[in-house]
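Student: Everything below, folded, please.
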Amino acid sequence: MDEVQKFSGQIADVVAGRIFKGEIYVKEGRIVDIRETAKADKHFIVPGLVDAHIHIESSMLVPSEFARLAVVHGTVATVSDPHEIANVVGVRGVDYMLDNAEKVPFYFNFGAPSCVPATSFETAGAHLGPAEIDELLSRRRIKYLSEMMNYPGVLNKDPEVMEKIQIARKFNKPVDGHAPGLRGDETKRYIEAGISTDHECFTYEEALEKIKLGMKILIREGSAAKNFNALIELLGQYPEMIMFCSDDKHPDSLVKNHIDEFVRRAVIYDFKLMDVLRAATLNPVRHYNLENGLLQRGGYADFIIVNDPEEFEIKQTWIRGQKVAENGKTLLEKTHSEIINQFSCGFVNPEDLIVNAKGSYIKVIDVIDGQLITRHGIVEASVENNEVCTDIERDILKLVVVNRYKNMAPAVAFVRKFNLKQGAIASTVSHDSHNIIAVGVDDMSIKRAIDLLVQNRGGISLVNDVEHIVLPLPVAGLMSLEDGYEIAGEYSRMDDIVKNMGCTLNSPYMSLSFLALLVIPELKLSDKGLFDGKNFRFVDLFGE
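Tutor: Here you go, the predicted model:
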């Protein structure tokens, strides 16, 4: 029989809202007793941290490998939307994530993807209708209906959208939201439909309005979208309505920090420590009915040991009484996983990348660094031999999306703010349908970057004057099976090379991956054409 383990320290009881000197007794993975004492070790014992909304696939790692990196930062649980892999291979992808997650001690709380495909204006690899959602939500391990990105469908009471929400209600499971920039009466109607959270707010005013209408706000700080500074003031005003999430976090970022960084920054901002800790632990556990422990008698022994609340340096992470990380090192062993994928397109024909001039002015997608939203620009076209060309001097580059599920001519548009001076980059991580997306200064470089992905059936690539590099992502074109730290190192190397090619964006590949995300305004590109995300319709490349 397992021996009783004793832990002494300053115990953070987020349920009661107090910190006290005490001892915790653990047996067979559960806390059997907690005793308040006159003296205790100086370090703090805090419930394990929860990422309240993340797509594991964006780490480019399978769940078991993601966990190896995350536990180092004190994360013991995630609320994980598997909708990236579901867009590629359907329910089979959700099952893959669930099965792989079982290989490690970690709380992966997956949802039923509500929007596969995200819209009808793009080509995905699967479709999840009400029948599939019903089957998924009937499972104990599926905790919620994932982000309802089709907010126009909610507002217009689309029958299939509303049926999915009703199914979640039937199983008494929450519905995640996704409504960037939605305000006024539309916000009220969206929330009244049964949507309980939003992680897409990018202004204080928007988030405040949604909170006052009863919606919980997830403050997001990922690799591309960074909303912490804009929203963190709400933690002091409505602490019970706030959670922390990363949404999309690439491997190089995950090596550095996770939800622990939210805690450090919020404490520096001088918010109440208990409010900060609850946003990172108690609030998501209660909202999503999670099973990870909160330092209560009879609960699972899931906790972290930190030096002090301000530095919040993670000394140890424990999950169900098992030490899984210590002093910056993971103690989880690497596991073996299989490959699933769907990839059917061939190499790109150079002629398909040509844009014949049909007017003097073209629309351009203006990228905003650190945001998923884009702006809608109009510029005079650079025309040579009746072809619209890139213009490096004006930072007008060619953007291409290729349908990866069948051989089709690519969609071509133009984009600003990448500032590439040579070559091209490409990726099969391309939200939400995960077709191939590429940006570059000339057609040949773009073709080569895309062809590298076709050869490897998924990944990220770069082509410049001296190098052709690809990081393969064989699992659905989204994830690697290799060691997470090695993937993070290779990703960082490629990121540095792209920036040396002139790119001024903080996270070039992450920013690129969202330029096909039609449900985020204003202007995006799908495999079917240029799309106006504000008015939800295709638009012509040419014209003012």
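Student: Go ahead and list the helix or strand containing Phe7.
Tutor: For Phe7, the element it lies in under DSSP states H and E is strand 5-13.
Student: quick one: strands adjacent to that strand?
Tutor: strand 18-27 (antiparallel), strand 44-47 (parallel) (DSSP bridges).
Student: got a list of contacts for that strand?
Tutor: 19-27, 34, 37, 40-47, 274, 277, 295-296, 301, 303, 305, 321 (CB atoms under 8 Å, 6 or more residues apart in numbering). C-beta here means a position set from N, CA and C on the backbone, and glycine is covered the same way.
Student: For it, output the C-alpha coordinates as CSV.
Tutor: Provided in CSV are the C-alpha atoms of strand 5-13 (Å, rounded to 0.1, in the frame of the first residue of the first chain):
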residue,chain,number,x,y,z
GLN,A,5,3.2,11.8,1.7
LYS,A,6,3.5,15.0,3.7
PHE,A,7,4.0,18.4,2.3
SER,A,8,4.6,21.5,4.4
GLY,A,9,4.3,25.1,3.3
GLN,A,10,2.1,28.2,2.9
ILE,A,11,-1.1,26.7,1.5
ALA,A,12,-3.1,28.7,-0.9
ASP,A,13,-6.8,27.7,-0.4
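Student: Counting neighbours, which bits of it end up buried?
Tutor: Residues of strand 5-13 classed as buried: 7-13 (neighbour count, 16 or more other CB atoms under 10 Å).
Student: any idea which of those is the one closest to Pro410?
Tutor: Ala12 (52.9 Å; CB to CB).
Student: coming back round to it: hmm, which of the contacts of strand 5-13 are the buried ones?
Tutor: 19, 21-26, 34, 40, 43-47, 274, 277, 295, 301, 303, 305, 321.
Student: Tell me where the stretch 1-150 of the chain has strands.
Tutor: 5-13, 18-27, 30-36, 44-47, 49-54, 75-80, 107-112, 142-148 (DSSP state E, counting those that start in this stretch).
Student: what does the stretch 251-400 of the chain give?
Tutor: 303-306, 314-319, 322-326, 329-330, 361-367, 374-380, 382-384, 387-389, 397-402.
Student: Make a markdown table out of the ones you listed and add distance to Val463.
Tutor: What follows is the strands of the stretch 251-400 of the chain, written out as a markdown table (distance: least, CB to CB, whole Å):
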| stretch | distance to Val463 |
| --- | --- |
| strand 303-306 | 43 |
| strand 314-319 | 39 |
| strand 322-326 | 38 |
| strand 329-330 | 34 |
| strand 361-367 | 20 |
| strand 374-380 | 24 |
| strand 382-384 | 21 |
| strand 387-389 | 18 |
| strand 397-402 | 13 |
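Student: Compare those and give me the one nearest Ala488.
Tutor: Across the strands of the stretch 251-400 of the chain, closest to Ala488 is strand 329-330 (CB to CB), at 12.3 Å.
Student: What average pLDDT does that closest one get?
Tutor: In this model, strand 329-330 carries a mean pLDDT of 98.
Student: list the contacts for the closest residue to Glu132 other than its chain neighbours?
Tutor: Distances taken as CB to CB, 6 or more residues apart in numbering put Val91 closest to Glu132, at 5.6 Å, once the chain neighbours are dropped. Neighbour list for Val91: 126, 128, 132, 135-136 [criterion: CB under 8 Å, 6+ apart].
Student: where do the helices sit along the stretch 201-350 of the chain?
Tutor: 204-212, 228-231, 233-237, 251-256, 259-268, 273-280, 282-288 (DSSP state H, counting those that start in this stretch).
Student: Tell me the buried residues in the second one?
Tutor: Neighbour-count burial for helix 228-231, counted by 16+ other CB under 10 Å, picks out 230-231.
Student: Quick one: list the elements packing against it.
Tutor: helix 204-212, strand 216-220 (3 or more CB pairs under 8 Å, 6 or more residues apart in numbering; DSSP states H and E).
Student: Looking at these, which one is packed in the most?
Tutor: Mean neighbour count (mean count of other CB atoms under 10 Å) peaks for strand 216-220 among the helices and strands packed on helix 228-231, with a mean of 25.
Student: centre of the chain versus that strand, how much separation?
Tutor: Relative to its chain's centre, strand 216-220 lies at 13 Å (CA atoms, centre = their mean, to the nearest Å).
Student: looking at this structure, which helix or strand does the model trust least?
Tutor: helix 151-155 (a mean of 91; mean pLDDT, DSSP states H and E).
Student: how many degrees apart are the next helix or strand after it and strand 142-148 in direction?
Tutor: For helix 151-155, the following helix or strand on the C-terminal side (DSSP H and E) is helix 159-170. On the basis of axes from the mean of the first three to the mean of the last three CA atoms, to 10 degrees, helix 159-170 is oriented at 150 degrees to strand 142-148.
Student: Parallel or antiparallel, which strands does the helix or strand immediately after helix 159-170 in the chain pair with?
Tutor: Proceeding N to C from helix 159-170, the next assigned helix or strand is strand 175-177, under DSSP H and E. In the sheet, strand 175-177 lines up against strand 142-148 (parallel) (DSSP bridges).
Student: between the strand it pairs with and strand 107-112, how many degrees?
Tutor: Angle, strand 142-148 to strand 107-112, by the same axes, to 10 degrees: 50 degrees.
Student: The closest residue to His431 other than its chain neighbours: what secondary structure?
Tutor: Excluding the flanking residues, the one nearest His431 by CB to CB, 6+ apart is Leu517, at 4.2 Å. Using DSSP: H, G, I helix; E, B strand; the rest coil, the structure places Leu517 in coil.
Student: give me phi/psi at Leu517?
Tutor: phi -90, psi 90 (degrees, to the nearest 10).
Student: need the contact list for it.
Tutor: Per CB under 8 Å, 6+ apart, neighbours of Leu517: 118, 372, 431-432, 524.
Student: Ile497: how many residues sit nearby?
Tutor: Ile497 has 18 neighbouring residues, counting by other CB atoms under 10 Å.
Student: pLDDT score for it?
Tutor: 98.
Student: distance of it from Arg265?
Tutor: Look at Ile497 and Arg265: by CB to CB, to the nearest Å, they are 30 Å apart.
Student: ok, now Ile304?
Tutor: Distance of Ile304 to Arg265, computed by CB to CB: 17 Å.
Student: What of Pro47?
Tutor: From Pro47 to Arg265 the distance is 19 Å (CB to CB).
Student: that older thread, pick the one among the buried residues of strand 5-13 closest to Leu462.
Tutor: Closest to Leu462, out of all of those and judged by CB to CB, is Ala12, at 44.6 Å.
Student: and the closest residue to that closest one other than its chain neighbours, what are its bridge partners?
Tutor: Using CB to CB, 6+ apart and skipping residues adjacent in sequence, the residue nearest Ala12 is Val46, 4.5 Å away. For Val46, the beta-bridge partners are Ile304 (DSSP bridges).
Student: Now do stretch 223-230: everything it contacts.
Tutor: In contact with stretch 223-230 (CB under 8 Å, 6+ apart) are residues 58, 201-204, 219-221, 246-250, 252-253, 262, 265, 370-372, 506-507, 510-511, 513-514.
Student: just the buried members of those residues?
Tutor: Counted by 16+ other CB under 10 Å, the contacts of stretch 223-230 give 58, 201-202, 219-221, 246-250, 252-253, 262, 265, 370-372, 507, 510-511, 513-514 as buried.
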